[in-house]
Structure formats: structure tokens, C-alpha cells
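Student: okay, sequence plus prediction incoming.
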Amino acid sequence: MIELVLLAATILLVLMVENKRREKTYKFFYKLPYPFWIPIIGNSYIFVKRNILKVLQKTYKIYGDSYILYIPHRTYFSSIPEEIKIILNNPHCLNKSKEYHHLEIILPNTVFLVKAQRWRKLRKILSKSFKPSILDLFTDTFYEKSCVLVDILKKDNEQDICYLFQKLTLDNFSEATLGVKSTILQDEKEHIFVTGVKEIQRLAFNRIGNLIKMNDFLFSCMRDCKDIKYYINALYRHISKIMAEKRVLMANENDAMLNTSKLPILDLLLQVSEKEELTNEYIEEEMVLFAAAATDTTAYSMAFTCFMLALHPEIQEKVYQEVMSVCGNQEIETSNLNDLKYTEMVISEAQRLFPVIPMIGRTNTVDIDLGDKIIPANTNITLNYMALHRNPKYYTDPLVFNPNRFLPEEIAKRPPYTFLPFSAGPRNCIGMKYALMVMKTSIANIVRHFYLTTSHKSFEEIDVESSAVLMPITPLDIKYTEREIN
Ligand code: HEM
């Protein structure tokens with residue numbers, strides 16, 4: 001008898017707890033706005049054959065800063081700075097959301113995707129290579145590559161700048177991160193790595209909202225899956241070849257190609273691999289991830305910056321004057337970068353309008369209290385940075401390109417967490433300083449040599465799309481006219 005009472009009490013308790021949980025979930029999910037949804041497919045129908053970014057911009061316009069989409073799992077969308085701050089800094093909200101699963105099946109063990117516990121260990125090891133004292137040693141590499149790009153533009157002033165920047169960032173990556181010489185920029189052939197990174201993103205992100213492609217088994221039978229495997233194998237082949245060369249160089253310490261004083265990330269990982277139990281397979285995978293994370297993001301951010309400079313000659317002139325007064329016609333050095341303040345403001349303003357990672361996703365392992373609502377544990381969360389950056393509440397006339405918004409006194413007027421191109425909190429972009437160094441060196445060197453012009457009247461004339469990275473749909477029309485160097 002007593003056993004029965006105990007059993008009934010336990011069941012009652014479990015039901016009460018479950019009821020409380022459901023009530024909380026109900027309160028959270030059903031009090032927020034969401035579009036009409038269909039059982040099983042949810043809101044996936046709104047993505048059919050549409051540009052995902054445009055659909056999400058439209059849902060944001062209709063439902064505002066905080067709403068739910070069923071794609072088909074329930075996802076909470078927020079672009080409220082106070083909420084973003086809480087989410088990004090909560091130690092129980094470090095895991096990536098379900099959308100990243102499409103990349104997880106390709107690069108599951110990398111710092112970008114692993115779960116919090118493993119992530120903490122990897123991030124600690126990798127952060128050693130991103131210390132300012134180490135990165136500062138690479139300015140000469142970044143400068144040298146920007147000079148190669150300038151020479152190419154001198155010979156042909158109407159090249160697709162996105163493609164050139166992709167090759168430049170890959171050369172920078174190979175030399176600074178892997179520590180081997182790379183001359184992809186000079187190579188006229190299409191590079192498989194550049195095409196591969198772009199295609200993998202496109203094919204993987206095309207799965208979002210597509211019920212057939214979202215199923216791993218069905219996807220594995222599709223052409224897209226075979227194509228992803230083809231490209232991922234090509235990326236691995238590229239990295240494996242470099243790693244094999246590197247091992248030979250490391251065994252033969254006095255080879256000129258090995259520059260241990262700079263300690264590129266790969267050298268560091270190989271050095272600590274035994275102590276930290278990092279396998280060769282893991283290191284290869286991490287390098288593929290880094291190559292993907294470091295190239296398109298930086299390349300498209302620079303391309304959008306050049307485009308905005310071409311549209312705004314008076315702002316371009318101010319950048320030119322600053323570069324000439326800080327660097328003159330000399331090599332751009334690490335000590336110059338801090339003084340290129342206006343150039344950095346211009347880059348920030350371009351990143352505000354075109355955050356190349358327009359949204360990020362997280363999931364929480366415990367309930368998170370946002371003040372006016374509680375996000376129940378295991379919710380899929382998307383933080384919409386593009387909407388945040390273009391919100392008139394924080395940026396008056398948000399579609400006007402105005403670098404002065406990044407004057408210290410203007411930044412101080414805005415609430416924190418209103419500008420997040422590199423995200424924020426402990427799982428922010430590890431390569432932020434690296435990217436800013438590449439962007440400042442390259443943009444400064446280009447503006448010093450050319451007047452940038454475009455036939456467009458406004459940036460709204462160009463169409464953008466986003467798989468993982470925001471990019472223009474067609475090549476950006478920018479013309480480079482050589483300046484007279486005194
Ligand atoms: C303008 C250029 C760049 C932008 C705008 C950018 C932006 C971002 C953003 C928003 C995240 C967070 C993503 C998320 O939470 O889903 C991120 C993560 C990351 N980025 Fe970048 N990134 C850039 C360049 C780079 C570079 C140059 C590197 C490497 C050299 C890099 C390596 C990474 C890595 C490894 C992560 C994952 C960090 C972690 O989970 O601990 N990024 N980046």
C-alpha cells in the first residue's frame with residue numbers, strides 16, 4: 001500500500017513539474033508573435049525558393065524585435081541589445097543552435113561548433129596564437145599581399161574585387177596561419193579553395209527551411225551532399241598537402257620557409273599536439289575551419305567597405321588624407337594601424353550596414369531570465385545582428401553611411417551591444433584583431449593608390465544574399481583609377 005502511495009506521489013510530482021515547465025514554455029512561446037504555421041512543416045513554407053535573408057528581413061519588419069519562427073523547430077528571434085547581452089554572456093548559452101548542424105556534419109570537432117565543455121579547452125589553446133604580440137608580427141605579410149593586389153588592379157582596374165579579396169585573404173591565411181608561402185593572388189586560375197568555401201556554405205545553408213534537405217538521410221542521397229563532399233575533400237587535400245610540407249620543414253628546422261618567431265597557429269597546434277592530445281585529423285579539420293572562417297568574412301567586409309567608399313567620394317578623400325598623413329608613401333606598419341582611426345570608423349560603418357555574419361544562433365542548457373520573459377531550456381535562439389545594426393532606435397537614419405557614428409562620443413551615446421559584427425561574449429570571433437589588421441592595411445593601401453568610383457547611386461541598388469556569410473549576388477561595380485603619387 002505504502003509503495004502505491006509513494007508511486008502516486010512521485011507521478012503527481014513529475015506531472016506538476018512537467019506542467020510548470022509546459023506553462024513556462026507556453027507563456028514564452030505563445031505570447032510572442034509568430035506567422036501562421038502548419039503542423040509538421042511549421043513556417044518552412046515561407047522559405048521555399050526564396051532568399052533566406054530577405055525572408056528573415058521581412059519577418060523582422062512584420063513581427064519586430066522579438067518573435068518566433070517554426071523552421072520547423074521553434075526558434076526565438078531577438079534583436080534587443082539588453083537580451084543579446086544576457087544571452088551572449090550566459091555560461092549556459094554557449095552551444096550553437098540547430099542551424100549549425102548543417103556545418104556540424106562537415107566539421108564536427110572544430111572550435112566553431114563543439115559543445116561548451118570541449119570548446120573551453122580548444123579556445124584556450126587557440127587563443128595563444130591570437131595574442132596581439134603575435135598578430136602584430138604579421139602586418140608585413142598583410143601589407144605585402146595588399147601590394148600584390150594593388151599591382152593587379154593597376155593592370156586591370158575593373159576586376160571583381162570580391163574574388164580578388166577572397167584570394168588575398170587565402171594568401172594571408174596560408175602565410176600567417178599555416179606559415180607557408182602562398183601566391184594564389186597572382187594565379188589567374190580559379191582556386192578550388194575559394195570556390196569550395198563558397199559552395200559548401202551555399203549548399204549547407206540551402207538546407208535551412210527545406211524539409212527534404214533537412215533530413216540527414218534524404219540529404220545524403222542528394223546531389224548537393226555529393227557536391228559538399230567533393231568540395232570538402234578538396235579543402236582537406238589543400239590543407240593536408242600544406243601540413244605534410246610543414247612537418248618536413250619542422251623536422252628540418254633551419255629551412256627558410258619556417259618562421260618560428262612568428263609562430264603561426266599551425267605551428268602552435270603541432271607543438272602542443274602531444275601534450276594536449278590533439279590528433280592530426282583534428283588539426284587538419286581545425287585548419288579547414290579556420291581557412292573558411294578567415295577568408296570570406298574578411299573578403300566581403302573589405303569589398304563592402306570599398307563599395308561604400310566608391311559611393312561616397314568625400315569620405316574616401318578623408319580616408320586618403322588620413323592614410324597619407326599617417327603612412328605617407330611608406331610601407332604600412334603595425335605602429336601605423338592604431339593611428340588609422342578614421343579608416344577604422346569607415347570599416348565599422350560598412351560592417352554596421354553589411355554585417356557579414358548577419359545572424360548567429362545559440363541554444364541554452366538552462367532557463368534564461370531576460371527580465372520580462374524566461375527562455376525555457378533547450379530553446380533554439382537566433383540573434384539578428386543585421387536588424388540590430390539598422391534599427392533607427394540606435395542609429396538615426398540607419399541607411400545613411402556615416403562613419404562619424406563611430407566617434408568615441410557617439411558610441412558612448414548608444415546602449416552597449418548595438419554593434420556586433422564580430423559578436424561578443426566569451427564565444428565571440430577569435431580572429432577579430434587579425435581581421436581588422438588585414439582590413440585596415442588593405443583598405444589603406446588601396447585608397448592610397450586609387451580613386452574608387454561606381455556607376456551605382458545607392459547601396460540599395462545592389463542585391464545581397466546570405467548563406468553563412470552576407471555577400472552581393474552580382475559582382476560589385478567598382479572602378480579603380482590610379483592616383484598620382486607624389
Ligand atoms: C571581418 C571578418 C570577420 C567577421 C565579421 C567575423 C565574425 C565572426 C562572428 C560573428 C563569429 C561568431 C559566430 C557565431 O557565434 O556563430 C565568429 C566566430 C569565429 N571566427 Fe570570425 N569573423 C571574421 C574573421 C575571422 C578571422 C580572420 C578568423 C581567423 C583567423 C576567424 C575565426 C573565427 C572562429 C574560429 C570563430 C569561432 C569562435 C568560437 O566559437 O570560439 N574569424 N566570427
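Tutor: Sure, I can see it.
Student: skipping adjacent residues, who's closest to the residue of the stretch 351-486 of the chain found nearest the ligand in space?
Tutor: With C-beta to the nearest ligand atom, the shortest gap between the stretch 351-486 of the chain and the ligand falls at residue 431, namely 2.2 Å. C-beta here means a position set from N, CA and C on the backbone, and glycine is covered the same way. Nearest-residue entry for residue 431: residue 294, 5.7 Å, with adjacent residues in sequence omitted and distances by C-beta to C-beta, 6 or more residues apart in numbering.
Student: that older thread, ok, the residue of the stretch 351-486 of the chain closest to the ligand touching residue 129?
Tutor: No. Checked against C-beta atoms under 8 Å, the pair residue 431 and residue 129 is beyond contact range at 9.9 Å.
Student: number of nearby residues for residue 133?
Tutor: Summarising burial for residue 133: neighbours were counted as other C-beta atoms under 10 Å, giving 6.
Student: in a helix, it, correct?
Tutor: Yes. Per DSSP: H, G, I helix; E, B strand; the rest coil, residue 133 lies within a helix segment.
Student: now do it against residue 150, distance only.
Tutor: Distance from residue 133 to residue 150, counting by C-beta to C-beta, to the nearest Å: 28 Å.
Student: do the same with residue 458
Tutor: When C-beta to C-beta is applied, the distance between residue 458 and residue 150 equals 28 Å.
Student: ditto for residue 183
Tutor: Separation of residue 183 from residue 150 (C-beta to C-beta): 15 Å.
Student: then residue 238?
Tutor: Summarising the geometry, the distance separating residue 238 from residue 150, computed by C-beta to C-beta, is 26 Å.
Student: one more: residue 466?
Tutor: On the measure of C-beta to C-beta, residue 466 and residue 150 end up 29 Å apart.
Student: same deal with residue 427?
Tutor: Relative to residue 150, residue 427 is positioned 36 Å away (criterion: C-beta to C-beta).
Student: same deal with residue 479?
Tutor: Spatial separation of residue 479 from residue 150 under the definition C-beta to C-beta is 15 Å.
Student: pick out whichever of these two has more residues nearby.
Tutor: When residue 479 is set against residue 150 and neighbours are counted by other C-beta under 10 Å, the residue ahead is residue 150, at 17 against 14.
Student: contacting residues for the more buried one?
Tutor: With contact set as C-beta atoms under 8 Å, 6 or more residues apart in numbering, residue 150 has these partners: 445, 446, 449, 450.
Student: pull up the residues of the stretch 251-400 of the chain that are close to the ligand.
Tutor: Counting by C-beta under 6 Å from any ligand atom, the residues of the stretch 251-400 of the chain close to the ligand are 290, 293, 294, 297, 298, 301, 356, 357, 360.
Student: now do the SS call for the fifth one.
Tutor: Assigned by three-state DSSP, the conformation of residue 298 is helix.
Student: neighbours of it, how many?
Tutor: 25.
Student: the strands in this protein, which residues?
Tutor: Shown for the chain, the strands assigned by DSSP state E span residues 66-70, 74-78, 95-96, 359-363, 368-369, 374-375, 380-384, 450-453, 464-466, 470-472, 479-482.
Student: now residue 187: closest residue in space that isn't a chain neighbour?
Tutor: Beyond its immediate neighbours in the sequence, the residue positioned closest to residue 187 (C-beta to C-beta, 6+ apart) is residue 167, lying 7.7 Å away.
Student: now swap in residue 160 and tell me
Tutor: What sits nearest to residue 160 in space, not counting adjacent residues and going by C-beta to C-beta, 6+ apart, is residue 475, at 4.3 Å.
Student: okay, now the unreliable bits of the stretch 251-400 of the chain?
Tutor: Within the stretch 251-400 of the chain, the stretches falling below the threshold (pLDDT under 70) are 253-263.
Student: 90 - rerun?
Tutor: Scanning the stretch 251-400 of the chain with the threshold set as pLDDT under 90 gives 251-281, 284, 288, 291-292, 371-373.
Student: how about the stretch 101-250 of the chain?
Tutor: The stretch 101-250 of the chain contains residues with pLDDT under 90 at 101-108, 128-134, 137, 156-159, 174-182, 187-217, 219-220, 225, 234-250.
Student: in it, what residue comes closest to the ligand?
Tutor: Scanning the stretch 101-250 of the chain for the residue nearest the ligand gives residue 112, at 4.2 Å (criterion: C-beta to the nearest ligand atom).
Student: in space, what's closest to that residue - neighbours in sequence excluded?
Tutor: The spatially closest residue to residue 112, leaving aside those adjacent along the chain, is residue 289, at 5.5 Å (C-beta to C-beta, 6+ apart).
Student: now do the contacts for the nearest residue to residue 98 once chain neighbours are set aside.
Tutor: Of all residues beyond its chain neighbours, the one nearest residue 98 is residue 380 (5.2 Å), with distances taken as C-beta to C-beta, 6+ apart. Counting by C-beta under 8 Å, 6+ apart, residue 380 touches 73, 74, 75, 76, 97, 98, 99, 361, 363.
Student: what count of nearby residues applies to residue 59?
Tutor: Neighbouring residues of residue 59 were enumerated by other C-beta under 10 Å; the total is 21.
Student: got it, and residue 273?
Tutor: Other residues within reach of residue 273 by the criterion other C-beta under 10 Å amount to 15.
Student: I'd guessed it sits against residue 281; true?
Tutor: No. Under the contact definition of C-beta under 8 Å, residue 273 does not touch residue 281, with a separation of 11.1 Å.
Student: in the stretch 301-450 of the chain, which spans are helices?
Tutor: Using DSSP state H, counting those that start in this stretch, the helices of the stretch 301-450 of the chain run over 313-327, 334-337, 341-353, 385-389, 408-413, 432-449.
Student: just the stretch 151-300 of the chain next, same as before
Tutor: All helices of the stretch 151-300 of the chain, identified by DSSP H, counting those that start in this stretch, fall at 161-172, 192-205, 211-214, 216-220, 223-251, 265-272, 280-311.
Student: what residue spans form the domains of the protein?
Tutor: According to the domain assignment given by automatic domain parsing, the chain is divided into the following structural domains: 1-27, 32-482.
Student: which stretch among the ones you listed is buried most, on average?
Tutor: Neighbour counts averaged per stretch over the domains of the chain are highest for domain 32-482, at a mean of 18; criterion: mean count of other C-beta atoms under 10 Å.
Student: do me a favour and get the end-to-end distance for it?
Tutor: This stretch, domain 32-482, spans 54 Å end to end (C-alpha to C-alpha, to the nearest Å).
Student: dump the strands of the chain into a markdown table; add distance to residue 393 as well.
Tutor: Shown next, in a markdown table, are the strands of the chain (distance: least, C-beta to C-beta, whole Å):
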| stretch | distance to residue 393 |
| --- | --- |
| strand 66-70 | 13 |
| strand 74-78 | 14 |
| strand 95-96 | 28 |
| strand 359-363 | 19 |
| strand 368-369 | 23 |
| strand 374-375 | 22 |
| strand 380-384 | 14 |
| strand 450-453 | 32 |
| strand 464-466 | 23 |
| strand 470-472 | 22 |
| strand 479-482 | 37 |
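Student: great, nothing more from me.
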